[in-house]
Structures are given as structure tokens and as C-alpha cells.
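# need coordinates for the below:
(2 chains)
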2 protein chains.
Amino acid sequence: MIEDTVGAFMPGPRVEIPGATEGPLVGLNFAVKDLFDVAGTVTGYGNPDWARTHAPAAATAPVVLTLIQAGAMLRGKTKTVELAYGLTGENVWYGTPINSAAPDRFPGGSSCGSAAAVAAGLVDFALGSDTGGSVRIPASYCGIFGIRPSWGAVNLTGACPLGPSFDTPGWFAAKAEVLRRVGDVLLPPGGEGPLGPLLKVQEAWINAVPATAAALTPALGAVERVLGPMLSVSLVPETLDTLYGHFRAAQAEEAWASLGSWVEAVRPKFGPGVGERFAVAKATEPEKAAAARAFRNKFRTRVRALLTGGAVLAYPTSPIPAPKLEIDQDAQQAIRERTIGVTAIAGMGGLCEISIPAAKVDGVPVGLSLVAASGRDRALLALAEQVANELKL
Amino acid sequence: MIEDTVGAFMPGPRVEIPGATEGPLVGLNFAVKDLFDVAGTVTGYGNPDWARTHAPAAATAPVVLTLIQAGAMLRGKTKTVELAYGLTGENVWYGTPINSAAPDRFPGGSSCGSAAAVAAGLVDFALGSDTGGSVRIPASYCGIFGIRPSWGAVNLTGACPLGPSFDTPGWFAAKAEVLRRVGDVLLPPGGEGPLGPLLKVQEAWINAVPATAAALTPALGAVERVLGPMLSVSLVPETLDTLYGHFRAAQAEEAWASLGSWVEAVRPKFGPGVGERFAVAKATEPEKAAAARAFRNKFRTRVRALLTGGAVLAYPTSPIPAPKLEIDQDAQQAIRERTIGVTAIAGMGGLCEISIPAAKVDGVPVGLSLVAASGRDRALLALAEQVANELKL
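Coordinates of the predicted model:
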């Protein structure tokens, strides 16, 4: 059993399943966020009341099975933010995993344990999930690679829902090559081929704190060496705040539709912030959610038209490096809003996104995101590998 | 015979051919730039020595025949800049056509007579040709609609060449509906369907004089009402000067390849500027032309990727309103360079472009260009008609 030096795994008995003896992932260890089912174990979803009120899973999630059958060995289940509804990675019930790249800062979430496990080198890769940034943000905070694949590209059966029209699996790795090899196994065929041009999304660079933007600028040069000269584009003339507002309304409605009946029936104890977010979700006005869905349709049409020929968006994954552990709920909420204004681009657009650990600000990692049209995941993984080579990552 | 109030037609006997009695263009009169062949008449190409050394055409250019067979009546051939090698519309041998929208200013060229004839209401539409802006610039200067269709979309057989890999026919009309109806007849099938998003090309707006940019901004609002919110994009990070330089080298090499042997054999008399441009064309270094072709390939890949999903570029057709007739050759050359930096976007990109008479600066027309991917001419014509309705043109 792997020693858990960073508190990434769920406490208690560790579920381990050896991989198939042959396959493309033989020799790799992985961990799985504790919102994916593994047969015979209770899926905890980050909250003790959830664990208490759910029976052991009858079947293993297909995405986990696929990885095992490809030869990877499951080394355990990792902590998640409660019901995946948070971006810091805090979990007051099981302990917040340590961000080994910046131990006094949050690891990011909701897939906090998976990111922490990879960042600490406990496993070669780890499975997470992403609704509003839950793979991309911890990847950026912890200084590792993370992919949110195109919505619908990878099977989510056997995973707890948060916002089904946004939810995707996702995975982390310390090496771009491993990230790509996992994609080779999980992604549907197709989507390869050249990408370009490179589009610098103006709003997202302006939204980032200056030190983050400055630290990531050299990495853009590396992407230019691969894709050719960068063009600058405004993608959200309505402002990122508007994008955040619509994302929040659409996601909140779905969160309540997915989890509200359980919350009402069980009245679970939540850690700071989570219960408040469900209260907001419950109060979502139907007209706001409808307006959000209408906006999403228009936004999706716009970005698909722009990216369908192969264009790649580039921006800081998170506008702000991992916040310090002691910041209060108000500060967390401000960061959350500023962050989701950016992560909602791929979420609302149905795009695939990879965060590359491209730079550090005062020793704290910041990720550069590359984003492509839905279905171009394989090409994007190949691009990330090329960029990683350019950056000698 | 139509009275030529603006000196648009070639002097001497006027060639007139009635249109077919049935067809989509019945009732419309048109004129043809005197670089398209009409059987039995000498194609003059704007220069008396050209006319003197060429026999009457044996066949009518297919594009002219198609228009006649569709019911339009040919009302004569119009003046062109000598060998189509100039943008002001000046012709010292036959007289520069009068720009009825701004009589003290150039009509623009090289398709000066066709633009002047439409602007003065002598004909419903007129055929021109466009290598580096020869339809778009006179359309902008004269306050009428003009289209440069996608390269290769409309048959150029029977037209004198200038830069074959850039040359396209094109046409002018005072009404967007007529512009579109001519396209219905001349364009190959396909290419309809929704366009968007709208992309404001930053460099081209910065390149325009402030009064032109300001005058055209309300028209952008009209395009937004049709296509949705405008995004802002940098398309030529290498600078428009670089684009101009490469365009000039590629075009000059082709101009000399197309016309050099005639120039050398005949040693024609040229008006101001034209001979100088051929001298430059002759001196084009092969390495520069090769670099220009290589740049064009990259640029074309880039813009095609960006526009293939339906995106539409928008920018001032010409950065400067029609110059006054008295400006000297140096001033003309400066305007030429600044103008071709913009017109070369569609030229180098192989795109289709329509200039809409969207505004005036101190009473002088300025055009707004909408530009779409190669092959989307029909959709672009439909869009121009919608925008014209929004602008009540």
C-alpha cells in the first residue's frame, strides 16, 4: 500500500485492484476520486452523511474498469470536496489534502485528493471529475497536467452527478506523455490532426493577476513555436462576470435537481461554504436558469464556429495562484467568481481543455490552459505533449 | 444608348447586347470593364498601345455571356486603369471617370469605369475585376456595393490577367439585392447557411484614419444585430505592412510573368505610376517572391482555420476615403501601401469580401467590408442584404 504522505487518499481501508497483465497502461499506478463507484465499496462523495446513507456500489464505473483492463493498477480512492461543490479542495471531515508544490496553500478542488496524490508522486495518474473547474483548477494549483475532456467524450456512468450537462471525468498526470496515454485508452477514436491558429483570449489574460499573466507569457512563446503566430481575440464581449453568472445559474439548477432531494431528506452536515452553495442552488429562479441555458446555446454556437477549424484558445487556467489555507469564506467566494468566469469558457462551450504546469509565481505553480473544439481531445493531448517538450517539462 | 454623364464608358462606338428575354436578370442593365472580352471588339485594357497591338476578341468571356443569357442587357465597356495596375482609377488616355459621390475625388480602381457607371445610376450593375482591391476600393470610394468573390469561384476565362493567383471577377451594384441576384447567376451552387461570429479585425481598424473608423462603427452595430455580439481579433500579428510586402512581391512577380513579355516587346507608353510599377515588377527578386508564397500558404491556413466555421471578418474596406484628384504620385503610393495592407487580407487568404456603402466622412463615402471563408459567397451576399436592410440602404 502506498504511503499517503499528503493526505490524498480517503482514510480507512484502501481499495486496490491490480491492472491487467497486458495493455498500454501496464506499470502505471492510479487513484480515483471518491465519487466514482468501485464495486463493493461505498462511494463517499466527500461527506460522511453521504457515505452513511449509501450502500456499497454494485458495479465499478466503466471508466475505472477501462483503466484497470488497460493495465493500470488502482491504488485507492482520493478525497473530494463535499459533493464536488467547491474549488479550494477543502474537506473538513477527512482533512484537506496537502498541496506538495505549495504546502501552505490549497490544493484546489473538487478533485483535491487526486491532484495531491499525483503532485506528491504517489501515483502516475489519477482520475477526477470536472463541472466548473474541478480538474483544471487543482492541476493549476498543484503544478501538474490536467485535462477536462470534451463533454460527453468519456463515459460518466457510475459517477456521482453535480451538474450533468457540465460534468465530465478528467485526469491528472505529472507528465504530458502519461496524460496522453490515458487519453489514448479513454477517448473515443478520432479528433487527431493539426490544430491552429493559436488564439490568446484577451479577457482571460486581463482577468488574471498581473504576476500570473507575466509568468505564463514565455510559455505562450513555446506554444507559438508549435502552432505559429498567436492571434489575440475577445471571446466574451458580454464580460466574464456575465459568463460566470450564467454558468452559476445553470449549474446551480442542475445541482439542486441532482442532489436536492437527498439534501432535503437527509439534512446533512456540511463544511463551510458547501451548505450555503446548496441553499443558493435551491433558490435559483427558473427564469434565470432558462436565460442561462439560452445564453449557453448562443455561446456554444459562437465558440464552436470559431474553433471548428482547429483554433486553440490559450489563457491562464486560474487567474490567481493557489490561495493560502487561512483565507476566509468571503475571499474564497471572490476567487471562486473570478476563477469560474474563466473555467466556464470550456464548460459553457462544451470544449476540451488541458492545463499545463507552465510557470511559477514566487514558487507557486500556475497553469496555462490550451482549449480546443469538442472532439479534438486527442489532438489537444498531442499538442500538450509537444508544448511540454518545448518547455522541457 | 445610355448617356455617359461621368465618363465611365470607353470612348468610341459602344458595344450593346440585349439580354435573353427570360431569366433572373431580365430588366437589368449592366456594363463590363474593358478587360473582359466581347466577341468582335478589341479589349483595350486601359492602354492605347494594348488596344493597338491586339485583335478583336474571337469569343465573349463566359462570365459576360452568362449575364446576358440570364436576361441582363450589356450597355457597354467601361474604363479601367492601365493593365489594371492601380487603385486610384486614373486613366490619362481616356480620362478618369467621375466619382459622382465625390466629384473632386478619385473613383478608385482599377475597375473605375464600372464603379462610376453604377454610382451615377447609368446601369444597375457592372462587372469589374479585383487583384489587390480593384473592385473593393472603387466600391468604397464611390459609395456602392462591391464583391470580390472567392478566388476561383467565378470563371475568369476571356479576361486579361494581372496576377492570376489573385485575380477574380467582381461586380458592383447600388442595391444589395441586385448584388445578390447577380451572384445567384454567377456563383457555383452551395455555400449558403448561417454565418458568425462577427470578428472585428483590430489591425485594420487601427490602420484606418480615425474619422473613417468612427464613421463605420455604427454600421458594425447593424452587423451585430444580425450576427450577434462582435468579437475582436488580431489576424495579422506580423503587421499589415508585412502582409503588404508579401502581397506586393507575389503579385509583382505574377504581373511580370503575365505581362512582361508584352511590355518588353511593345514598350508601351504608360500614364504616371504604371510604368514604374512594371519596372518594380520586373526587378522582383525570386527569393522575395518565394518568401511571399510561403507566407501566403501559412496565412491562408491560418485564416481558413479561423473562418471555416462561419466567422465573418469586418473592417473598413479602405483605410482612407477617396483621395482628392490633385494628390501627387508619392501621396498615392503611401495610400496604396496602407490600403493594400488591408485588401491583401482577402487576397492572400483566398476569401470572399463585400464592401457595403455604410457611412460617409464629411460627405465622402467609406465602405464597411464583410469577409468570409472561401466558398461562402452566397451566404455573404445574403448577409450583406440583411445588413443593408438594417442600415436602410
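# so what's A:Val201 up against?
By CB atoms under 8 Å, 6 or more residues apart in numbering or on different chains, the contact list for A:Val201 reads A:Val233, A:Ser234, A:Leu235, A:Val236, A:Leu313, A:Ala314, A:Tyr315, A:Ile345. Any C-beta I mention is one placed from the backbone N, CA and C, and that applies to glycine too.
# and if you look at A:Glu276?
A:Gln329.
# so which helix or strand takes in it?
In the assignment (DSSP states H and E), A:Glu276 maps to helix A:274-282.
# which SSE is immediately downstream of that helix?
Assigned by DSSP H and E, the successor of helix A:274-282 is helix A:286-307.
# any idea of the pLDDT on the closest residue to A:Arg225 other than its chain neighbours?
Closest residue to A:Arg225 apart from its sequence neighbours, by CB to CB, 6 or more residues apart in numbering or on different chains: A:Glu390 at 5.7 Å. Listed pLDDT for A:Glu390 reads 97.
# pretty sure A:Glu390 is touching A:Val226, no?
Yes: here A:Glu390 reaches A:Val226: they are 6.4 Å apart, a contact under CB atoms under 8 Å.
# how many neighbouring residues does the residue nearest to A:Arg225 have?
Close neighbours of A:Glu390, defined as other CB atoms under 10 Å in any protein chain shown, add up to 15.
# out of the contacts of A:Val201, which touch chain B?
Restricting those to those adjacent to chain B (criterion: CB under 8 Å from any CB of the partner chain) gives A:Val233, A:Ser234, A:Leu235.
# could you check how far the first one is from A:Leu307?
A:Val233 sits at a distance of 11 Å from A:Leu307 (criterion: CB to CB, to the nearest Å).
# repeat that for the second one.
A:Ser234 is 15 Å from A:Leu307, where distance means CB to CB.
# comparing those two, which residue is more hemmed in?
Set A:Ser234 next to A:Leu307 and count neighbours by other CB under 10 Å: A:Leu307 wins out with 25 against 17.
# the more buried one reaches A:Ala379, doesn't it?
No: using CB under 8 Å, A:Leu307 is not in contact with A:Ala379, being 11.4 Å away.
# quick one: common contacting residues for the two?
Taking CB under 8 Å, 6+ apart as the criterion, A:Leu307 and A:Ala379 both touch A:Ala372.
# what is the neighbour count of A:Pro103?
If we define neighbours as other CB under 10 Å, then A:Pro103 has 10 of them.
# measure the residue in the stretch 1-150 of chain A that chain B sits nearest to to A:Gly190 for me?
Closest residue of the stretch 1-150 of chain A to chain B, CB to the nearest CB: A:Ser150 (15.9 Å). A:Ser150 is 11 Å from A:Gly190, where distance means CB to CB.
# what's the overlap in contacts for those two?
Common neighbours of A:Ser150 and A:Gly190 (CB under 8 Å, 6+ apart) are A:Gly375.
# so for the two, which residue has more residues nearby?
A:Ser150 (24 against 11).
# and the more buried one, which of the three is it?
coil (DSSP: H, G, I helix; E, B strand; the rest coil).
# show me which residues of the stretch 201-350 of chain A sit near chain B.
A:202, A:228-235, A:237-238, A:298, A:301-302, A:304-311.
# now A:Pro357: closest residue in space that isn't a chain neighbour?
A:Pro357 sits nearest to A:Gly143 (CB to CB, 6+ apart), 4.4 Å away.
# quick one, what contacts the one you found?
Contacts of A:Gly143 by CB under 8 Å, 6+ apart are A:Ala101, A:Ala119, A:Pro357, A:Lys360, A:Pro365, A:Gly367.
# closest residue of the stretch 51-200 of chain A to chain B?
Nearest residue of the stretch 51-200 of chain A to chain B: A:Pro197, at 4.6 Å (CB to the nearest CB).
# show me the contacts for that residue.
A:Leu227, A:Gly228, A:Pro229, A:Met230, A:Leu231, A:Gly310, A:Ala311, A:Val312, B:Arg302, B:Ala305, B:Leu306.
# now the buried members of the residues you listed.
A:Leu227, A:Gly228, A:Met230, A:Leu231, A:Gly310, A:Ala311, A:Val312, B:Arg302, B:Ala305, B:Leu306 (16 or more other CB atoms under 10 Å in any protein chain shown).
# take the residues you listed and lay them out in TSV including pLDDT.
Converted to TSV, these look like this (pLDDT from 0 to 100):
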residue	pLDDT
A:Leu227	97
A:Gly228	96
A:Met230	97
A:Leu231	97
A:Gly310	98
A:Ala311	98
A:Val312	98
B:Arg302	96
B:Ala305	97
B:Leu306	97
